[in-house]
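*Asks:* any chance you can model this:
(chains A and B)
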Amino acid sequence: MDWWCSATRKTWTWTPKPYVGAWVIVGALVGLAIWWLAKGRHKSDDVADAGSSTGRTVALVFGALLLWAVLDWPLAALGAGYLATAQMARQIIMVMLIAPLLLFAIPASLAVRVVGTGRGLSVLRLVARPIFAVPVAAFILLVFNTPVMVDPLLKTPYGAFAMDFAWLLAGFTLWMPVQCPHPAVRRLEGPAAMVYLIGQSIVPILPGFFMTWSDFPIYSTYEFAPRVFAGFDALTDQNAAAATLQVGGMFLLWAQIAYRFLKWGHDQMEDFRPARQTIAETQPPAS
Amino acid sequence: MADPRTPWSRRRFLGSAGTGAAVLVLGACGLNRGASVDRAGQPESGSFGGTEVDPPFDKPDRTFIDHNGQPFNLRADTKDRLAILFFGYTNCPDVCPVYLNQMSSAIKAIGTGPGSRPMVLFVGVDTARDTPEVLKGYLSDFGELFIGLSADDETIAAALDDLTLPQVILREPDENGDYYVDHAAYAVAFSPDNLGHRIYSTGTVRQQDWVEDLPRLDQGKFV
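*Replies:* Numbers count the residues shown, from 1 in each chain, chains lettered A, B, ... in the order given. Presented below is the predicted three-dimensional model:
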């Protein structure tokens, strides 16, 4: 039993092969949540939370399930050693789903407890600024998608772990400006958040660019990998990976933009409801 | 006096990030060396893939049975043609299908001109299972340029000896009767001068290398 996935060049089999590291990480996440609930911290009124407790619980459950899905067999094994498409699907899920879900799931009181109000808060404020978040996240994603990094890293579980860690780090950085859980950090909201997310949509395009336009398989890992599906050769896989990264990333991003737009529209309506009622009550009925 | 650090540091940060991203993108594009290859067979000068064999191999004067059941003399039937010789087996789970896929994709990428019509010879070393019929079915997905060759164990062993390649080892069968075969993971490229000037390790040679090398080998260049 391996602790993390890596490229082995062994023939692919559908025999389940769990990874210890994935179970430990997801177990630690769930354990932290249970400890938090058992201690009754979620009932603390010291710090006001954004969003409901139920919403955060749902986000945590989905975030943990997705994290387990991308870190464990079969998706992790396929991504690390066989199919670029699976690897890009993992990347998109980590950056575009798991990171925002887990950030949303973190209670404000936990963020205050962990980060505090001193130097940690100053760093968090810097990270939560779009001018910092977008370039840093884009840079991490670019670096960890270049063949000179990917091929050597995927050869060992340590390298593959570093790559997964970098992707999650990029995801958290990218979402911090709109999803930072610390109450002392100003989040982008409403139209500003939507504009930020639209600007963010450039990020999946950058790593996908050279996969789309290359005439040859750019990653030796996937070029020499034993085929999982007959006829699905390395170049087709690479093109599918680029499409997954770009189209999949866009879809997830625009789904969140649409959600935020509808929520913002609804909040606007709610804010103006008393004024509309007052106007309606003062107007004489039409004769 | 205004403190110049605040506006400059942000600008410098953005500039550094932008430069870094541009360098990475350009660097990644630079890895795609084959994009500059002229598909009509006029590649840019550059190093070959594989390893030069000096002195070059002579073609083994051995006769096989091709996948249509006809005798196939390696020396006579490939005379003055670019021929790539590989020893593998049809039940191979990893090296052989990867190599054949690579070669098939490379030939498609070359399209027309020199190097576009090499004879890709696949000797089935698992003599019990790699019959001409099986080889024909196995190679049919890769195109008409792929020729399956079968022979008895002695002929295959002699051909491997001629090329100083390691001999075939049959592993113990599992409970289902399936077994692996250890075989040389090298492709020998015979140029139209009927000599094998270059040998390619199929675990390291890239599709891009084949696309660049096949036209040059077909034109008699090998260094």
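*Asks:* got the residue ranges for the helices in chain B?
*Replies:* All helices of chain B, identified by DSSP state H, fall at B:5-31, B:95-110, B:132-139, B:153-162, B:207-218.
*Asks:* from residue A:17, how far out is residue A:157?
*Replies:* Applying C-beta to C-beta, to the nearest Å, the value for residue A:157 to residue A:17 is 13 Å. C-beta: built from backbone N, CA, C; applies to glycine.
*Asks:* with neighbour numbers in mind, choose between those two.
*Replies:* Set residue A:157 next to residue A:17 and count neighbours by other C-beta atoms under 10 Å in any protein chain shown: residue A:157 wins out with 17 against 14.
*Asks:* tell me the buried residues in the lowest-mean-pLDDT helix or strand in chain A?
*Replies:* Ranked by mean pLDDT, DSSP states H and E, the weakest helix or strand in chain A is helix A:202-213, scoring a mean of 79. Of the residues in helix A:202-213, those buried under the neighbour-count criterion (16 or more other C-beta atoms under 10 Å in any protein chain shown) are A:203-204, A:206-211.
*Asks:* which single one of the residues you listed is nearest to chain B?
*Replies:* Distance to chain B across those (C-beta to the nearest C-beta) is lowest for residue A:210, with 4.3 Å.
*Asks:* so the closest one makes contact with residue A:216?
*Replies:* No: applying C-beta atoms under 8 Å as the test, residue A:210 and residue A:216 come out as separate, 11.1 Å apart.
*Asks:* residues contacting residue A:162?
*Replies:* Counting by C-beta atoms under 8 Å, 6 or more residues apart in numbering or on different chains, residue A:162 makes contact with residue A:153.
*Asks:* okay, now residue 164: neighbour count?
*Replies:* Since you didn't name a chain, this refers to chain A. Other residues near residue A:164 number 26, with proximity taken as other C-beta under 10 Å.
*Asks:* sorry, I should have been clearer: chain B.
*Replies:* For residue B:164, the count of nearby residues is 10 (other C-beta under 10 Å).
*Asks:* kindly report the same for residue B:166.
*Replies:* Residue B:166: 12 neighbours (other C-beta under 10 Å).
*Asks:* for the nearest residue to it once chain neighbours are set aside, what are its contacts?
*Replies:* Taking C-beta to C-beta, 6 or more residues apart in numbering or on different chains as the measure, residue B:166 lies nearest to residue B:184, with 5.1 Å between them; neighbours along the chain are not counted. When contacts are counted by C-beta under 8 Å, 6+ apart, residue B:184 is found next to B:87, B:160, B:165-166.
*Asks:* most neighbours of all those residues, which one?
*Replies:* Among the contacts of residue B:184, residue B:87 has the most neighbours (other C-beta under 10 Å), with 26 neighbours.
*Asks:* partner residues bridging that residue?
*Replies:* The bridge-partner assignment for residue B:87, based on DSSP bridges, gives residue B:123.
*Asks:* isn't it up against residue B:160?
*Replies:* Yes: using C-beta under 8 Å, residue B:87 is in contact with residue B:160, at 6.6 Å.
*Asks:* common neighbours of the two, please.
*Replies:* Where contact means C-beta under 8 Å, 6+ apart, the residues bridging residue B:87 and residue B:160 through contact with each are B:168, B:184.
*Asks:* can you tell if stretch A:65-83 touches chain B?
*Replies:* No: with C-beta under 8 Å from any C-beta of the partner chain as the measure, stretch A:65-83 is seen stopping short of chain B, the closest distance being 10.9 Å.
*Asks:* just give me the closest of the contacts of residue B:184 to residue A:264.
*Replies:* Using C-beta to C-beta, residue B:87 is the member of the contacts of residue B:184 that lies nearest residue A:264, at 66.1 Å.
*Asks:* let's test this: mean pLDDT of the helix or strand containing residue A:270, rounded?
*Replies:* In this structure, residue A:270 sits in helix A:249-282 according to DSSP states H and E. Confidence over helix A:249-282 (mean pLDDT, whole number) is 83.
*Asks:* from residue A:164, how far out is residue A:225?
*Replies:* Residue A:225 is 18 Å from residue A:164, where distance means C-beta to C-beta.
*Asks:* next up, the contacts around the nearest residue to residue B:151 once chain neighbours are set aside.
*Replies:* Sequence neighbours aside, residue B:64 is the residue nearest to residue B:151 in space, at 4.5 Å (criterion: C-beta to C-beta, 6+ apart). Contact criterion C-beta under 8 Å, 6+ apart gives B:71-74, B:123, B:149-151, B:155 as the residues in contact with residue B:64.
*Asks:* contacting residues around the nearest residue to residue B:157 once chain neighbours are set aside?
*Replies:* With sequence-adjacent residues excluded and distances taken as C-beta to C-beta, 6+ apart, residue B:157 is closest to residue B:167, at 6.0 Å. Contact partners of residue B:167, counting by C-beta under 8 Å, 6+ apart, are B:157, B:160-161.
*Asks:* need those residues in CSV with pLDDT, can you?
*Replies:* As requested, those are arranged in CSV below (pLDDT from 0 to 100):
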residue, pLDDT
B:157, 97
B:160, 97
B:161, 96
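*Asks:* what sits up against stretch B:53-60?
*Replies:* Looking at stretch B:53-60 with C-beta under 8 Å, 6+ apart, the contacting residues turn out to be B:74-75, B:78, B:83, B:158-159, B:162-163, B:188, B:190, B:194-199.
*Asks:* okay, now the unreliable bits of the stretch 1-150 of chain A?
*Replies:* Applying pLDDT under 70 to the stretch 1-150 of chain A flags residues A:41-52.
*Asks:* which stretches in it count as strands?
*Replies:* Taking DSSP state E, counting those that start in this stretch as the test, none of the stretch 1-150 of chain A falls into strands.
*Asks:* which bits of it sit near chain B?
*Replies:* Among all residues of the stretch 1-150 of chain A, those adjacent to chain B (criterion: C-beta under 8 Å from any C-beta) are A:9-11, A:131-132, A:135-136, A:138-139, A:142-143, A:146-148.
*Asks:* okay if I get those as a markdown table plus distance to residue A:29 and neighbour count?
*Replies:* As requested, the residues of the stretch 1-150 of chain A next to chain B are arranged in a markdown table below (distance: C-beta to C-beta, whole Å; neighbours: other C-beta atoms under 10 Å in any protein chain shown):
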| residue | distance to residue A:29 | neighbour count |
| --- | --- | --- |
| A:9 | 32 | 15 |
| A:10 | 30 | 13 |
| A:11 | 33 | 15 |
| A:131 | 30 | 13 |
| A:132 | 26 | 19 |
| A:135 | 28 | 19 |
| A:136 | 24 | 18 |
| A:138 | 26 | 25 |
| A:139 | 27 | 19 |
| A:142 | 28 | 23 |
| A:143 | 26 | 17 |
| A:146 | 30 | 18 |
| A:147 | 32 | 19 |
| A:148 | 32 | 12 |
